[in-house]
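Q: A structural model of the following input is requested.
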Amino acid sequence: MNLIEKIKEKFGGQVEIFEKSRRRIYVTISKTQAKELVRYLFRDLKARFSIATGIDIRPGVEILYHLAFDELGVMVSVRVLVEKPELKMDSFTDFMPASDWIEREIHEMLGVDFVGHPNLTKLLLPDDWPEGEHPYRKQTFESEKENDER
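A: Numbers count the residues shown, from 1 in each chain. The predicted structure follows:
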């Protein structure tokens, strides 16, 4: 059974899978199921956590957890949308300690609150950086209108 079949067998209709190439697979899942999927890939299927990336896509922050299957030469990116205004999702640090720093960075730069993270303190920004300001966040259309009215 190949990797895609294993994911489909375990998560069925909870995932949307896009195979960009033989070596690159994107798996989209809800934020409530993301931890279970990443844990399965990491622990059960023995993937190596490479990195996570985050981007503000206006309705929320899209986080991609990139996991490598080195023996297969395959990278799986788990796509999760954390919707605004409540940017919260579970931390993966309890089973994947290497996610610590990147979750801190995404928290600091994009404002995602990783529930259960042991240390969401500043990592990159100066100590006097204003709380609640996240340099990688886009302004919403509403906030752009407010700024125009000032």
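
Q: Would you check how far apart the residue nearest the centre of the chain and V78 are?
A: Residue closest to the average C-alpha location in the chain (CA atoms, centre = their mean): I63, at 2.7 Å. The spacing between I63 and V78, counted by CB to CB, to the nearest Å, is 8 Å. C-betas here are computed from N, CA, C, even on glycine.

Q: List the buried residues of stretch 7-20.
A: I7, K8, F11, Q14, V15 (16 or more other CB atoms under 10 Å).

Q: Cross those residues against helices and list the overlap.
A: Secondary structure from DSSP state H places I7, K8, F11 of the buried residues of stretch 7-20 in helices.

Q: would you list every one of the helices in the protein?
A: For the chain, the helices defined by DSSP H cover 3-11, 31-39, 100-110, 141-149.

Q: These: which one's closest to L125?
A: helix 100-110 (5.8 Å; CB to CB).

Q: With adjacent residues omitted, what lies nearest to F92?
A: S99 (4.5 Å; CB to CB, 6 or more residues apart in numbering).

Q: If I follow the layout properly, the one you found ends up in contact with S91?
A: Yes - S99 lies in contact with S91 (CB atoms under 8 Å); the separation is 7.3 Å.

Q: The residue nearest to V112 when sequence neighbours are not counted: what's it in contact with?
A: Distance criterion CB to CB, 6+ apart; nearest residue to V112, sequence neighbours excluded, is L87 at 4.7 Å. Counting by CB atoms under 8 Å, 6 or more residues apart in numbering, L87 makes contact with G60, V61, L110, G111, V112, D113.
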